[in-house]
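J.: would you be able to build a 3D model of this:
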Amino acid sequence: MSIDWVALGSVFGVSLVVTVALVGLFVLGISGLSRRERAAAQGQSAGLAVTSAYACFAGCAAAVAYGIYLIMA
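T.: Sure thing, here's the model as predicted:
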């Protein structure tokens, strides 16, 4: 049995980058919801913060769905 270490390293690198990107996107969504709460407390509108938060969460959901699709295909 022979292990292709280059391919294994490549898979590890790509999964690490995608994981960090997905966590970053989720953090941006949480940050947008936090801005919404802050704006509501001050009596301001927070439409852009809510829209960006939902877009970040939709991006996270799309990335997870694509990962499941790749596993199933």
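J.: would you mark the buried spots in the helix or strand I30 falls within?
T.: Using DSSP states H and E, I30 maps to helix 5-42. Using 16 or more other Cβ atoms under 10 Å as the test for burial, helix 5-42 gives 25, 28-29, 32-33, 35-36, 39. Bear in mind the C-beta positions are built from the backbone N, C-alpha and C, glycine included.
J.: ok, then the element right after that helix?
T.: Next along from helix 5-42, by DSSP H and E: helix 47-72.
J.: return the set of buried residues in that following helix.
T.: Counting neighbours by 16+ other Cβ under 10 Å, one finds that the buried residues in helix 47-72 are 49, 52-53, 56-57, 59-60.
J.: compute the inter-axis angle for it and helix 5-42.
T.: Here helix 47-72 runs at an angle of 150 degrees relative to helix 5-42 (axes from the mean of the first three to the mean of the last three Cα atoms, to 10 degrees).
J.: which secondary structure elements does helix 47-72 sit against?
T.: In terms of contacts (3 or more Cβ pairs under 8 Å, 6 or more residues apart in numbering; DSSP states H and E), helix 47-72 is packed against helix 5-42.
J.: now the helix it packs on, how far from the chain's geometric center?
T.: Its chain's average C-alpha position is 4 Å from that of helix 5-42, according to Cα atoms, centre = their mean, to the nearest Å.
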